[in-house]
Structure formats: C-alpha cells, structure tokens
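Asker: coords please:
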Amino acid sequence: VAHLLFKWILKGFMLSFLLASTVSLNPDDPNVCSHWESYAVTVQESYAHPFDQIYYTRCTDILNWFKCTRHRISYKTAYRRGLRTMYRRRSQCCPGYYESGDYCVPLCTEECVHGRCISPDTCHCEPGWGGTDCSSG
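Answerer: Numbers count the residues shown, from 1 in each chain. Predicted coordinates for the structure are as follows:
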C-alpha cells in the first residue's frame, strides 16, 4: 500500500512540474521582457578522417618480387559528437514586476493600504486617501 501511495505522489509531483513548465508568460503583456539566451546541444557531426592507405606497385626490387609498398593519405567519412551553441528567446517579467499565472504584475515594496499597486512602487489610492502607500487619510 505504501509503495502504491509513493508512486501516486511521485506521479503527482511529475505532473505538477510538467504543467508548471508549460505555463508561459503572455507575450501581449506589456510588462513581459525577453532576452536571448544561449544553450549547448550535443550533435553528431561528420568529418573527413585521414588514414594511411597501403598499396603496391611494380618496381625494380628483386628481393620483393618486383613489388614495392607505397603509402598515401586517404580520407573516409567518420562521425564524432560535438557541441553546438544554439539560441532561444526567453521571456521574463520586466524589472519591478513579478510573475502571477501567465501575467506580470507590479511589485510595491510597501503594501498599498487603501489602494492598489498600479506600477512598481506606485500606489493608486482610493478616494480620500493619500501618501506613497495610501495610508494617510
């Protein structure tokens, strides 16, 4: 029973991780900034691998029955693993904003007591209230 419970818990964690990793920020949100980031990808690449090719020719060497050994460098296609740098666009909340669902919302370091945060560290106060945090009546 404990083994089955563990498997269900593990599946739940994996599912929540997959769902969280597929949620992306809304590109139409004006508070979403993006930047290019690089990452490495392992690829299999071909290259010309040199090797020593031995061949025989007729010659005047009587001790080797008129056959002389010659060498030439030839090439064959070989494969190796290599790293390739790729680039992708990464979205994130602009400075002064934090992620909430698929939107970026403004962050006010002081809570807006009688109002709401409309941009980083800027409160919009309810009527009759003022101050930087809307606490002055």
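
Asker: Cys93: how many residues sit nearby?
Answerer: 19 (other CB atoms under 10 Å). Yep, even glycine has a C-beta here, placed from its N, CA and C like the rest.

Asker: right, and it touches Pro106 too?
Answerer: No. Taking contacts as CB atoms under 8 Å, Cys93 lies outside contact range of Pro106: 9.7 Å.

Asker: what sits in contact with each of the two?
Answerer: Shared contacts of Cys93 and Pro106 (CB atoms under 8 Å, 6 or more residues apart in numbering): Asn31.

Asker: what about the strands in this protein?
Answerer: 32-58, 67-93, 97-100, 103-106, 115-119, 122-125 (DSSP state E).

Asker: what angle do the second one and strand 32-58 make?
Answerer: When you say that, I think you mean strand 67-93. Strand 67-93 and strand 32-58 are oriented at 180 degrees to each other (axes from the mean of the first three to the mean of the last three CA atoms, to 10 degrees).

Asker: and Asn64, what pLDDT?
Answerer: What the model reports as pLDDT for Asn64 is 83.

Asker: Redo the strands of the chain as JSON lines? Include distance to Asp133 and mean pLDDT.
Answerer: Listed next are those as JSON lines, based on distance: least, CB to CB, whole Å; pLDDT from 0 to 100:
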{"stretch": "strand 32-58", "distance to Asp133": "26", "mean pLDDT": "94"}
{"stretch": "strand 67-93", "distance to Asp133": "22", "mean pLDDT": "94"}
{"stretch": "strand 97-100", "distance to Asp133": "18", "mean pLDDT": "93"}
{"stretch": "strand 103-106", "distance to Asp133": "14", "mean pLDDT": "93"}
{"stretch": "strand 115-119", "distance to Asp133": "8", "mean pLDDT": "96"}
{"stretch": "strand 122-125", "distance to Asp133": "6", "mean pLDDT": "96"}
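
Asker: Take the ones you listed and write them to CSV, including distance to Ser135.
Answerer: Shown next, in CSV, are the strands of the chain (distance: least, CB to CB, whole Å):
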stretch, distance to Ser135
strand 32-58, 31
strand 67-93, 27
strand 97-100, 22
strand 103-106, 18
strand 115-119, 9
strand 122-125, 9
